[in-house]
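Enquirer: how would this look folded up:
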Amino acid sequence: MKYIAGGASIVCPCCQNDTFDKDYRQLNTTGLSFFGLDWANKNATILVCKRCTHISWFMKEPNVDKS
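Expert: Numbers count the residues shown, from 1 in each chain. Presented below is the predicted three-dimensional model:
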């Protein structure tokens, strides 16, 4: 799938591919992990390049490119 972030099409910085798989990852902090409160940490959206598998991280979820 193709995505847009900040009004620009997302392209892999390694291979210039423009198709990605989307997933989510938790941004663990030592403080909350120490107290067993990992569920309270923020999540990030990741896009994994379908060609070279480079992972790009986004704090705000990218939009699907419908063009």
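
Enquirer: Now do the contacts for Lys42.
Expert: Contacts of Lys42 were listed using CB atoms under 8 Å, 6 or more residues apart in numbering, and they are 26-27, 59. Bear in mind the C-beta positions are built from the backbone N, C-alpha and C, glycine included.

Enquirer: If you could redo that for Ile10, that was the one I meant.
Expert: 2-4, 18, 20, 47, 56, 62, 65.

Enquirer: for the contacts of Lys42, which one is nearest Cys14?
Expert: Met59 (20.8 Å; CB to CB).

Enquirer: Look up how far Gly36 lies from that closest one.
Expert: 24 Å (CB to CB, to the nearest Å).

Enquirer: Where in the chain is the helix or strand with the lowest mean pLDDT?
Expert: Ranked by mean pLDDT, DSSP states H and E, the weakest helix or strand in the chain is helix 30-34, scoring a mean of 70.

Enquirer: List the strands paired with the following helix or strand past that one, with their directions.
Expert: Once the chain leaves helix 30-34, the next helix or strand it forms, by DSSP states H and E, is strand 43-49. Here strand 43-49 has these sheet partners by DSSP bridges: strand 20-26 (antiparallel), strand 55-58 (antiparallel).
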